[in-house]
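A.B. asks: sequence-free structure coming up:
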């Protein structure tokens, strides 16, 4: 990884320009070793990517059922089942299944596919990566059983058992990270595309925050600080980083044009990298913490408007004038909406971090709504889009049904819109009632009832969407590989290449 | 590869690098100017906010292990009241309002009123005793008989605070009696140091008893 | 305030971790600047793109956009089913 290498590459040798070829010749599958770069690269990451996506889908379905159950119990507590189905456990199982199962595993899959493609190099140590994904997935499965059995560790987002879970997640994730790092070091292009920065940084950040958050030394009220340092950065430096990275790859890829301003994309990445880790303490406004730490966090949160604006401008300006593409590309549909949700959730988060607003919204359903704009409307939609793009390229066959994709899309889009609207409105009223000494506490509970019921309707829609999606993936998986030659886009020639790569 | 092929390659390569492909300026737009304005504004705001709400940037919380716990400076424990009446008013809301009600009107038959009653506007020493050790048994207030129990505040409120509550009551609404000084409370507190159980009304009115 | 069994304050840990994050970012940033990762932006922006992505005809583009594409990248190629992720 030397700088000299990058500079020494002369223009002439660095770039092999795409030679103009007649259309009919070009649409044949290129055969030479060099032309098969994408094919080779995709083949190298095939197994770990498939394992990661497969496990993430199982977690998605499980997590949806847990979420739906928890949601129904919020407004109809008489429906609480036996002990393992009570709200406290099911909600916790939902969170862990979705964050560590669905989102994280899918993100590992996306990273394992995207990094080799972006560095024009086959995935190194693919077996190690595959093994790592298995460890992560199995450890998490065991942890979900433990949580339902009523033995989580008692901190939000950190419920997974220390020795029986966290250790395995760290090791498993580490194995994926090491394989990708090895691939990065063997890269065939000197430059790191912005997605590579985001994804690789996330793979380094995550173990640091995860270990800090889980370190068994913290105690007392102050551990709230570590708790929210972890939980907030899990969103910002893990979920956000990888999904923004994915969007930076997929949007230009589908539109066939580079991002609007590459300079801006670097501004966005580096401001995030430098300042994001300061943010977490805005979760404990009014809590047992030195004021200045909370104030610093609030300030840093507001400054996050800079990377957010940079990413938002960049994504928007790349698509602007070509929004019709959303009709043609399901991937783009999901990814562009996800990117918009990223802007929305960030601005909402900044707003919520202000003390004046937080007084009202803290401890209300508003927070739950906000979390779902982030993890669902942003991260999950981008992951859906990524899977729609990646899976056919890995399996080398096409999605069987456009109808199923439409159903999936509209169910989850309308579902999440209803979800967020219902809880946000309910949360504001709940907060205002809680603050008014003239209003009895009971009223602040009653006022959320309609919102909670609407949320259950939304949960049914989302779950249905996930079932449709999983069913479609299953059909894709069972589909025979087509007789005819692969579509030509499986084997591609990058425009920017090293000689001999 | 022939020379012509090569030339074409080179030409195309330069297009790629130096000509605007597909759309002028793609991938190389500078950040829009207003982004930098936004940056400047947020930085400015951030500086102000840190200064305004930064507390004292006190490091003691993070260094607790480095030495014995530090005594907090007095003014944090008990900020000096700027105004006895104001202090008393807020204490009334906190401690007394549940029983004597927001307007001091009390609850008929259960909690006596505290406006326009001889106990409040009468002798300050009697009032201070009621507040210190509490009151129990039958008592006539504004022509009504009450038989209840009121807790004492001896342990909970300081001299300053009790003087505040007393002064506040004595000047509240139609009440108009001279203020009570913290020194008076301190004196009565010393005089009644042995008294544990609440007072009864006769004790406080009969000069032959242990009262004032 | 109990003095025995002093707890290492987690806020101090956070200060250290956050500063480490920033220091790490700084190290990588300096490396990036020196290794030329912050330069040559035009070329970096093209990294994910393949020749085909640029040449294939994008049915949603306006005539003008398509013409600019043809001029820069040559005669358009017909798109395949699934070209842009998902079934059409």
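C.D. replies: Arrived safely, thanks for sending. Just so it is clear, the structure is predicted and the values come from calculations on it, not from any experiment. Residues are numbered from 1 along each chain as shown, chains lettered A, B, ... in the order given.
A.B. asks: count the neighbours of residue 63 for me.
C.D. replies: If you meant another chain, say so; for now it's chain A. By the other Cβ atoms under 10 Å in any protein chain shown criterion, the neighbourhood of residue A:63 contains 25 residues. The way it works is simple: take the backbone N, C-alpha and C, and place the C-beta from them, glycine included.
A.B. asks: I was after chain C.
C.D. replies: 7.
A.B. asks: can you give me the domain boundaries for chain C?
C.D. replies: C:1-39, C:40-82 (automatic domain parsing).
A.B. asks: the last one and chain A, any residue contact?
C.D. replies: Yes. Where contact is defined by Cβ under 8 Å from any Cβ of the partner chain, part of domain C:40-82 touches chain A, namely C:40-56, C:58-62, C:65, C:69, C:73-78, C:80-82.
A.B. asks: name the nearest residue to residue B:141, sequence neighbours excluded.
C.D. replies: Counting by Cβ to Cβ, 6 or more residues apart in numbering or on different chains, the nearest residue to residue B:141 once its immediate chain neighbours are dropped is residue B:112, at 3.7 Å.
A.B. asks: same question for residue A:430.
C.D. replies: In space, and not counting its chain neighbours, residue A:430 is closest to residue A:364: 4.3 Å by Cβ to Cβ, 6+ apart.
A.B. asks: contact partners for that neighbour?
C.D. replies: A:426, A:427, A:428, A:430, A:431, A:434, A:448 (Cβ atoms under 8 Å, 6 or more residues apart in numbering or on different chains).
A.B. asks: of the residues of domain C:40-82 next to chain A, buried ones?
C.D. replies: In these, burial by neighbour count holds for C:40-56, C:58, C:60-61, C:65, C:69, C:73-74, C:76-77, C:80, C:82, counting by 16 or more other Cβ atoms under 10 Å in any protein chain shown.
A.B. asks: any weak-confidence spans in chain B?
C.D. replies: Where chain B drops to pLDDT under 70, the residues are B:1-28, B:61-82, B:206-212.
A.B. asks: any idea which residue sits dead centre in it?
C.D. replies: Centroid check for chain B by Cα atoms, centre = their mean gives residue B:90 as the closest residue, at 8.9 Å.
A.B. asks: now do the buried residues in the helix or strand where that residue lies.
C.D. replies: For residue B:90, the element it lies in under DSSP states H and E is helix B:84-91. Taking 16+ other Cβ under 10 Å as the basis for neighbour counts, the residues of helix B:84-91 that come out buried are B:84, B:85, B:87, B:88, B:89, B:91.
A.B. asks: which strands or helices does the helix ranked longest in chain C pack on?
C.D. replies: Ordering each helix of chain C by length in residues (DSSP state H) puts helix C:10-34 first. Packing partners of helix C:10-34 (3 or more Cβ pairs under 8 Å, 6 or more residues apart in numbering or on different chains; DSSP states H and E): helix A:194-214, helix A:223-233, helix A:262-275.
A.B. asks: need these in TSV with mean pLDDT, can you?
C.D. replies: Formatted as TSV, the entries for these read as follows, by pLDDT from 0 to 100:
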stretch	mean pLDDT
helix A:194-214	95
helix A:223-233	91
helix A:262-275	92
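A.B. asks: now those in a markdown table, with distance to residue A:97?
C.D. replies: Below are the helices and strands packed on helix C:10-34 laid out as a markdown table (distance: least, Cβ to Cβ, whole Å):
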| stretch | distance to residue A:97 |
| --- | --- |
| helix A:194-214 | 17 |
| helix A:223-233 | 16 |
| helix A:262-275 | 27 |
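A.B. asks: could you dump those helices to CSV with distance to residue B:190 and mean neighbour count?
C.D. replies: Compiled in CSV, the helices and strands packed on helix C:10-34 are given as follows (distance: least, Cβ to Cβ, whole Å; neighbours: other Cβ atoms under 10 Å in any protein chain shown):
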stretch, distance to residue B:190, mean neighbour count
helix A:194-214, 55, 22
helix A:223-233, 44, 23
helix A:262-275, 59, 22
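A.B. asks: for chain B, find the nearest of those helices.
C.D. replies: For chain B, the closest of the helices and strands packed on helix C:10-34 is helix A:262-275, at 4.9 Å, according to Cβ to the nearest Cβ.
A.B. asks: can you tell if that closest one touches chain B?
C.D. replies: Yes. Helix A:262-275 reaches chain B (Cβ under 8 Å from any Cβ) through A:262, A:263, A:264, A:267.
A.B. asks: nearest the geometric middle of chain C, what residue?
C.D. replies: Closest to where the C-alpha atoms of chain C average out (Cα atoms, centre = their mean) is residue C:45, at 8.7 Å.
A.B. asks: tell me the spacing between it and chain B.
C.D. replies: Distance of residue C:45 to chain B, computed by Cβ to the nearest Cβ, to the nearest Å: 3 Å.
A.B. asks: cool, and residue A:280?
C.D. replies: 16 Å.
A.B. asks: wouldn't that residue be in contact with residue A:230 here?
C.D. replies: Yes. A contact is recorded between residue A:280 and residue A:230 when judged using Cβ atoms under 8 Å, the distance being 7.4 Å.
A.B. asks: residues near the residue nearest to residue B:141, how many?
C.D. replies: 25.
A.B. asks: list the contacts for it?
C.D. replies: Applying Cβ under 8 Å, 6+ apart, one finds that residue B:112 lies in contact with B:100, B:106, B:139, B:141, B:142, B:144, B:146.
A.B. asks: same deal with residue B:88?
C.D. replies: Contacts here follow Cβ under 8 Å, 6+ apart; on that basis residue B:88 touches B:161, B:163, B:164, B:165, B:166, B:167, B:168, B:169.
A.B. asks: any idea which element the second one lies in?
C.D. replies: So that's residue B:163. When secondary structure is defined by DSSP H and E, residue B:163 falls within helix B:159-170.
A.B. asks: residues in contact with that helix?
C.D. replies: For helix B:159-170, contacts defined as Cβ under 8 Å, 6+ apart pick out B:78, B:81, B:84-89, B:91-92, B:95-96, B:104, B:114, B:120-121, B:124, B:127-128, B:131-132, B:153, B:157, B:175-186, B:189.
A.B. asks: got it, and stretch A:449-469?
C.D. replies: Looking at stretch A:449-469 with Cβ under 8 Å, 6+ apart, the contacting residues turn out to be A:57, A:60-61, A:64-65, A:67-68, A:71-72, A:74-75, A:365, A:376, A:384, A:404, A:407-409, A:411-412, A:414-416, A:418-419, A:421-423, A:425-427.
A.B. asks: of those residues, which belong to strands?
C.D. replies: Judged by DSSP state E, strands contain none of the contacts of stretch A:449-469.
A.B. asks: just the mean pLDDT for stretch C:11-25, thanks.
C.D. replies: Stretch C:11-25 shows a mean pLDDT of 90 in the predicted model.
A.B. asks: what is the helix or strand containing residue A:147 packed up against?
C.D. replies: Assigned by DSSP H and E, residue A:147 belongs to helix A:126-148. If contacts are counted by 3+ Cβ pairs under 8 Å, 6+ apart, helix A:126-148 sits against helix A:46-75, helix A:87-96, helix A:104-119, helix A:167-185.
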